[in-house]
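Enquirer: from the sequence below, what's the structure:
(chains A, B, C, D, E, F, G and H)
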Number of protein chains: 8
Amino acid sequence: MAEPTPPPGGLLNLDLDRLRRCGFPEVVFGASKTENEVVAAATRIAEAHGQVLVTRAAPSALAALLAVLPKGRAYPRSGCFSFGAPAPRFGVVGVIAAGTGDEPVAEEAAVTLTARAVRVKRFHDCGVAGLHRILERLDEVRTCVALVVIAGMDGALPSVVGGLVDCPVIGVPTSVGYGAAEGGKAALMSMLASCAPGLTVVNIDNGFGAGYAAATIARKLPALMSATTG
Amino acid sequence: MAEPTPPPGGLLNLDLDRLRRCGFPEVVFGASKTENEVVAAATRIAEAHGQVLVTRAAPSALAALLAVLPKGRAYPRSGCFSFGAPAPRFGVVGVIAAGTGDEPVAEEAAVTLTARAVRVKRFHDCGVAGLHRILERLDEVRTCVALVVIAGMDGALPSVVGGLVDCPVIGVPTSVGYGAAEGGKAALMSMLASCAPGLTVVNIDNGFGAGYAAATIARKLPALMSATTG
Amino acid sequence: MAEPTPPPGGLLNLDLDRLRRCGFPEVVFGASKTENEVVAAATRIAEAHGQVLVTRAAPSALAALLAVLPKGRAYPRSGCFSFGAPAPRFGVVGVIAAGTGDEPVAEEAAVTLTARAVRVKRFHDCGVAGLHRILERLDEVRTCVALVVIAGMDGALPSVVGGLVDCPVIGVPTSVGYGAAEGGKAALMSMLASCAPGLTVVNIDNGFGAGYAAATIARKLPALMSATTG
Amino acid sequence: MAEPTPPPGGLLNLDLDRLRRCGFPEVVFGASKTENEVVAAATRIAEAHGQVLVTRAAPSALAALLAVLPKGRAYPRSGCFSFGAPAPRFGVVGVIAAGTGDEPVAEEAAVTLTARAVRVKRFHDCGVAGLHRILERLDEVRTCVALVVIAGMDGALPSVVGGLVDCPVIGVPTSVGYGAAEGGKAALMSMLASCAPGLTVVNIDNGFGAGYAAATIARKLPALMSATTG
Amino acid sequence: MAEPTPPPGGLLNLDLDRLRRCGFPEVVFGASKTENEVVAAATRIAEAHGQVLVTRAAPSALAALLAVLPKGRAYPRSGCFSFGAPAPRFGVVGVIAAGTGDEPVAEEAAVTLTARAVRVKRFHDCGVAGLHRILERLDEVRTCVALVVIAGMDGALPSVVGGLVDCPVIGVPTSVGYGAAEGGKAALMSMLASCAPGLTVVNIDNGFGAGYAAATIARKLPALMSATTG
Amino acid sequence: MAEPTPPPGGLLNLDLDRLRRCGFPEVVFGASKTENEVVAAATRIAEAHGQVLVTRAAPSALAALLAVLPKGRAYPRSGCFSFGAPAPRFGVVGVIAAGTGDEPVAEEAAVTLTARAVRVKRFHDCGVAGLHRILERLDEVRTCVALVVIAGMDGALPSVVGGLVDCPVIGVPTSVGYGAAEGGKAALMSMLASCAPGLTVVNIDNGFGAGYAAATIARKLPALMSATTG
Amino acid sequence: MAEPTPPPGGLLNLDLDRLRRCGFPEVVFGASKTENEVVAAATRIAEAHGQVLVTRAAPSALAALLAVLPKGRAYPRSGCFSFGAPAPRFGVVGVIAAGTGDEPVAEEAAVTLTARAVRVKRFHDCGVAGLHRILERLDEVRTCVALVVIAGMDGALPSVVGGLVDCPVIGVPTSVGYGAAEGGKAALMSMLASCAPGLTVVNIDNGFGAGYAAATIARKLPALMSATTG
Amino acid sequence: MAEPTPPPGGLLNLDLDRLRRCGFPEVVFGASKTENEVVAAATRIAEAHGQVLVTRAAPSALAALLAVLPKGRAYPRSGCFSFGAPAPRFGVVGVIAAGTGDEPVAEEAAVTLTARAVRVKRFHDCGVAGLHRILERLDEVRTCVALVVIAGMDGALPSVVGGLVDCPVIGVPTSVGYGAAEGGKAALMSMLASCAPGLTVVNIDNGFGAGYAAATIARKLPALMSATTG
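Expert: Okay, the predicted model is just below:
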């Protein structure tokens, strides 16, 4: 009994004050928690705030979450789980993905935006190797109040888009690629060194962070903008 | 005469359409241009748009700019030059610096915001080693519509601030530090891996980029907010 | 038979003099040994010194250790095994973890401290994204004779704590995170470049090393301090 | 006299057989040679082959080369010196630079192409932040038999161009940029990881290598193509 | 129903204009797509253009492709699938591999060349540790119009070959090796820093990219050259 | 006048509460401040606390400090300035340097310890290439309450010392060396990965941090130990 | 049939001239070959030279080798297979390992030395954390004609040994360790930056290379030295 | 006087026992010492042993060394100074340099070999881009008892030479090159990952280390071999 034992109530120390300070409840990062911890955290946050968002949960954790919060929705490709998302009142934020391999990250961004009551317009498979795919939808892109632009490999798409619009652009490098792509580092460095002024960047594959930041911007705007969702 | 010669008019190919597409004229990046190129580019942009911003100009280039655009203002610590900045109509954006060594980067961010008609509130020397310095000004910080948070060394300040506010936060790592700080890479990586949701990041020492992005956000908001400038 | 054969007695060459030189028996690093080697080393050290600590043992090795040393205790989350730990006489050392994902490392630190007769106080889930969690327990933190502060992702917590206390602080970066977190390198570099004076750092995920170092400090102090264990 | 002495004739061991094997005389890499070595090498190659190309020579070496080979031409911005270049018979190869800071590298590429009897068309300041600058000259670009595309910072331009043409494209990353640009590594990695099929890449700032490779391609083609030089 | 749903028709947004712009249909990169996406993309491209090339497909995806396009051919070692390759009209391009471990990459290059109607000559196991293996076939090597030279470990072979021929040489570093080979980075850096003028390089293990680039060169030449295929 | 201006009183925001929280006044990091800022900060801290320590000051800043605080002492090799150091009451801490090139870092550590009232014993030129130099002084080393062990190049010395003593050992990698030493990174990584249990590490060349941490330990001990100073 | 097919006889192109040039037959590197290729290569080399050494073979390949060359011997820990090793005539070379985790690498070195007719003396578990383990066997160590010194983690042992002997010392970093050990890179860099003059280094985990090099040295010496094997 | 002062006699703690243990006096590494320290160390070693070797001394230190030891010889290109070198009795060791830029490193190796009584044969400018330069001197190369092979850029030469000879080969990467050459890291990694068995490697630009190691080998051989010096 000289050895340390966990305190009663487990090791979780949830930040239930986050909603007050930051405008959104604590989000459960599923990747470094046991399945029990994920479910316990999500349940307690849902009880406290009527809403919870979980990211990077394993398939078994998603199933366990659905069992305890059956009105929630699981997104297997990105590992997200969302419960109690409010009706959309803000936006529209555009989520532009360079390739099909970037879709899990785009889904994570879109689910996060939706959880924060922001309407989303999706643009699929718009990489710079076929530049017309983004150019021919530029009018639609320009109706968005903010853009999340997702690309692996060369990471060139956010630099291109950043030079074509006047709204905030958040780049998300992804780990799609191999060799010198170095798990997304090539795309990350390229975006950070972008020649397009004002591009901001989040971590590799961090669709959640980009969606969260875009939602923070969209929620500051006075009214829901009118573009139809993608 | 078989050798290539530059075309008449020099090598500059200015993007005078940038204002229309992106809402602000092309900014002259002084670091990789000759002094003549800096002055020529700035003059032509000022003629076309009545305003120009130059960043990372050498001292001699700043002097040359003042000579041809005497109504402009030079900022020697950051190497900025600003001519024709409009009266402030947007904001307030907070610019928070962790240490005195980060001031050149903070100045670059502030000059950029000012050039885009955004009011700025400065917070100096607020690094996490003396946490009370930011905590005791939290009410002021929370009146801002967006924050630019600048830190070298550990790069911890944006993660701390990001957990305390509900507005967009843009982190700027700086090259202040030595050894494992690796010219700002430690701060950059720490910010990208932040546990504070929604923090977005720009390149090391890129006060311009952070200021530009914060201005893009501030300019979308309907009215000038009331906090007094720092 | 011209080929080399291992010498009789196996390849182990234990350092049974370590207790005399360094004040604690050799600790068995389980990660790069076969299960047989782990058990043989632990048994022989237990025989020689009446105590043994094993770290980073596989689950099957933990089971095998319990079979031969049934009075020992296995810690599956961290892979530790401790046998013959003396009653606590020193301390208290605080072990502060930023998130639940850091708990295996915190457990390794706590088990190591306990094995060296040092009392431990645990602080769970105190990351800087919810700064109040550490600030509201600051009085407790300040009763400790030394602190082990554990954080992945941005690695910001040790820099924050280091600016608030006057006792030795040892930072432990963890591999929690993804992308630019680079398996703990972002946290490691951030801690090494800390603006908090006097922060020392150990290897990524090295809860053992931090616990060992904190114990070495605590054991130099004249008497057991009075704080209750966490 | 026990110590080693250089052999009579100096340390140079020129590869005068290179023209026979590779179709062009050895090129003098000025960066790691003394001024005397640069002049001696250039003189002997010019004597043997009637032509010589020097790259990365210091200003004083350029002056010394002009003194001994007054019919040659020095290019101070790139440090090149060319003597005896033949009349253009091949091409046209396009040399596209993203920004004015990339011009020294573009000059090195153009001088190398010219030295190999290849006609060059220059495209200045065509970075992706102002995409129209390259799109509006696409017809001209498509008349080229090969392209050298030069970009620093994000290195995005070769990926964009590579998706628009059907001729060989050689990307040259440059060291223009700072921070995460890491002396051209961000651009290099982005180009290597490009989503544009068939893009090949040379070392950072290696305008010579790209020009040489493009010339090797152009020289295989049967006839001089007709576009006017830029 | 507030959550985002994929648009009707799936997430694929194929670039069916690629053939017109670049001279070859879009190639399906199998590594970051689901099996369904690989098959759907390949089928639609085959329908549109009568030809399709897939790279880096999993074994199950290769089987599924053969089921729907039974006249295609699968290459299990490299994960390629080729359907509708035209009769060879161009070339010959030499594909030289340093070791047997480099063969999957060589196969990817050869399949790509064949898909673009280019004849291929293979040179196996020609690493520089046994230099005679490439020297004794130099006459054959010199009949090629372009060379793809593949090497892992030290990556020295392209530098050696580059100094012996007058045709375009494209180096492909491979991930063969361990430790300081760093997954192909040692070979990549060595090739980029090559002392052989005009060597161009593609990403690690990118046999496709090298084959594609060599084919682009070969297709510009007026007539099929006569060497027999290896 | 729309542009930002520094607040009256300059940009310094000194942490005069540091002494209360951490037991020592704020230390002035001279490297990223102007000379005026260094002098202003030092003067105000000296006024507030009767003591100040400055590190990494340029020679001209040292001279300026001596002019305003003539009772202070400047240490040109390390760039330190110390004013008002109290009489030694704690210790002894040993400062062991592997080579003469490490002496500036050792001096910084020693000055910091002295400023914190800790007695210092110096061990010069004790690198592992001449192991007897440290082994023959082991009895002296073992009388110390803590050790700062400084090494560049291979960084092996702290691992060796760590296996021979039972007191806290703090390793300081230095930037002495070239090539693969990578400005101290080889030594840093070697120390972090040490096989000696409980070794803690500070940033490259951070003699201040190691001295500060060792002083924090020494000050916790009840009485001044008796070894004579080196 | 337009697709490439392997030439008759498979893709192997063995270097049967290696024995003549380098004094030892080609060694089969098993890691990047199929099992069939490993067996075919080993069999053909054994037929040609009466001896063969295979490294890094998978367990199934070792079994297959034993099936076709039953007089050979397999070493499962290191993945080596040796057939036809001559009687020892040279040496003695010492193989010193820092820890039990380094034993697979030590075994690879020892098997290689034995295959080249060199006698081996093994020193197990001699890491610098227990320095006496190597110091007390120094007389034995000094009888060796060359030393292979193997260490992971800090990689300090070769620097220590290099300062104690006058024979050639070859350091082998191993991948034992975690975090900042970076798969052996910390040890590698530490050894390359060693303060011990004349230490040479091979790749991480490359016991074969070190054993081969030590054997090359030992074989130049006139006679077998007399120390007994370890 | 509370501050630490250097002990009488300065900070030097020379290892005058090195000659006994390692067969050669301590070598003075000039790069991290003051000029006074260099001269003091050299003088005392020369007094004790009648011989001294200094490396990496600044020009002014070389002049000062010549003033006090006028019978010594300074080598300005490499920064070496040698006094009291014995008559050559061992060797011949070949020193092969890939390019003229590698000559300072080759000189350092040659001076070191000469200082250790080993005869040297120099091979200049033998890089792999002109392979005949080394192949045509292969008979001479093969008379050497050991080889030091020096190359920057791609670092390919040692791999090529290692496959052609049966004596020990020590590779020295140099910092010649730019961009991806990364100050010699590309060459270093390429050599470490070499496919030539038994190649050992020293630090970037470490001609001294390679010369020292080659001398250690040569000195073990029974008699001076007969090749004439280069």
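Enquirer: do you know the pLDDT at residue A:220?
Expert: In this model, residue A:220 is scored at 87, pLDDT.
Enquirer: how close does it get to chain F?
Expert: Relative to chain F, residue A:220 is positioned 23 Å away (C-beta to the nearest C-beta, to the nearest Å). Backbone N, C-alpha and C define where each C-beta goes, glycine included.
Enquirer: got it, and residue A:198?
Expert: 19 Å.
Enquirer: with adjacent residues omitted, what lies nearest to that residue?
Expert: Nearest non-adjacent residue to residue A:198, counting by C-beta to C-beta, 6 or more residues apart in numbering or on different chains: residue B:212, 3.7 Å away.
Enquirer: low-confidence ranges, chain A, go.
Expert: A:1-11, A:222-230 (pLDDT under 70).
Enquirer: by proximity to chain C, which residue of chain A wins?
Expert: Among all residues of chain A, residue A:32 sits closest to chain C, at 2.6 Å; criterion: C-beta to the nearest C-beta.
Enquirer: what about that residue, neighbour count?
Expert: As a burial measure, residue A:32 scores 21 neighbours (other C-beta atoms under 10 Å in any protein chain shown).
Enquirer: distance of it from residue E:149?
Expert: 44 Å (C-beta to C-beta, to the nearest Å).
Enquirer: nearest spatial neighbour of the closest residue to chain G within chain A, chain-adjacent residues omitted?
Expert: Residue nearest to chain G within chain A (C-beta to the nearest C-beta): residue A:182, separated by 14.2 Å. Nearest residue to residue A:182 in three dimensions, chain neighbours excluded: residue D:189, at 6.8 Å (C-beta to C-beta, 6+ apart).
Enquirer: quick one: secondary structure of the one you found?
Expert: For residue D:189, the assignment made with DSSP: H, G, I helix; E, B strand; the rest coil gives helix.
Enquirer: how far does stretch A:197-215 stretch from one end to the other?
Expert: 21 Å (C-alpha to C-alpha, to the nearest Å).
Enquirer: how distant is it from the center of its chain?
Expert: Offset of stretch A:197-215 from its chain centre (C-alpha atoms, centre = their mean, to the nearest Å): 8 Å.
Enquirer: look up how far residue E:179 lies from residue A:138.
Expert: 48 Å.
Enquirer: ugh, wrong one, I meant residue A:91
Expert: For residue A:91, the distance to residue E:179 (C-beta to C-beta) stands at 50 Å.
Enquirer: out of these two, which sits in the busier spot?
Expert: For residue A:91 versus residue E:179, the count of surrounding residues by other C-beta under 10 Å is larger for residue A:91: 28 against 21.
Enquirer: I'd say the more buried one and residue A:120 touch.
Expert: Yes. Counting by C-beta atoms under 8 Å, residue A:120 is a contact partner of residue A:91 at 6.8 Å.
Enquirer: what is in contact with the two at once?
Expert: residue A:113 (C-beta atoms under 8 Å, 6 or more residues apart in numbering or on different chains).
Enquirer: kindly list the longest strand within chain A.
Expert: Taking DSSP state E as the criterion, chain A has its longest strand at strand A:90-97.
Enquirer: how far does it sit from its chain's centre?
Expert: With C-alpha atoms, centre = their mean, you get 11 Å for strand A:90-97.
Enquirer: stretch A:82-95 too?
Expert: Put simply, stretch A:82-95 sits 12 Å off its chain's centre (C-alpha atoms, centre = their mean).
Enquirer: helices along chain A, start to end?
Expert: Counting by DSSP state H, the segments of chain A that form helices are A:18-22, A:35-49, A:59-68, A:103-115, A:132-135, A:138-142, A:157-162, A:185-192, A:207-220.
Enquirer: so is the longest one next to chain C?
Expert: To tie it back to what came earlier, the one meant is helix A:35-49. Yes. Legend: contact between helix A:35-49 and chain C by C-beta under 8 Å from any C-beta of the partner chain is shown at residue A:37.
Enquirer: burial of the residue of chain A found nearest chain F, as a residue count?
Expert: Here chain A gets closest to chain F at one residue, residue A:185, 18.0 Å apart by C-beta to the nearest C-beta. Other residues near residue A:185 come to 23 when the count uses other C-beta under 10 Å.
Enquirer: and residue A:20, by the same measure?
Expert: Neighbour tally, residue A:20, other C-beta under 10 Å: 9.
Enquirer: cool, residue A:139 as well?
Expert: 7.
Enquirer: what's the separation between it and residue B:21?
Expert: 13 Å.
Enquirer: try residue A:39
Expert: According to C-beta to C-beta, residue A:39 stands 48 Å off from residue B:21.
Enquirer: count the neighbours of the residue of chain A closest to chain G for me.
Expert: Neighbours of residue A:182 (other C-beta under 10 Å): 20.
Enquirer: tell me which parts of chain A are close to chain B?
Expert: Residues of chain A lying near chain B (C-beta under 8 Å from any C-beta): A:18, A:21-24, A:27, A:145, A:163-168, A:170, A:188, A:192-194, A:197-204, A:208-210, A:212-213, A:215-217, A:220-222.
Enquirer: if we go to 7 Å?
Expert: Residues of chain A found near chain B (C-beta under 7 Å from any C-beta of the partner chain) are A:21-23, A:27, A:145, A:163-168, A:170, A:192-193, A:197-198, A:200-203, A:209, A:212-213, A:216-217, A:220-222.
Enquirer: just the buried residues out of the residues you listed, in ChimeraX syntax.
Expert: To isolate the buried subset of the residues of chain A next to chain B in ChimeraX, counting by 16 or more other C-beta atoms under 10 Å in any protein chain shown, use the following:
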select /A:21,22,27,145,163,164,165,166,167,168,170,192,193,197,198,200,201,202,203,209,212,213,216,217,220,221
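Enquirer: closest to residue G:103 out of the helices of chain A?
Expert: Taking C-beta to C-beta, helix A:185-192 is the member of those nearest to residue G:103, at 34.5 Å.
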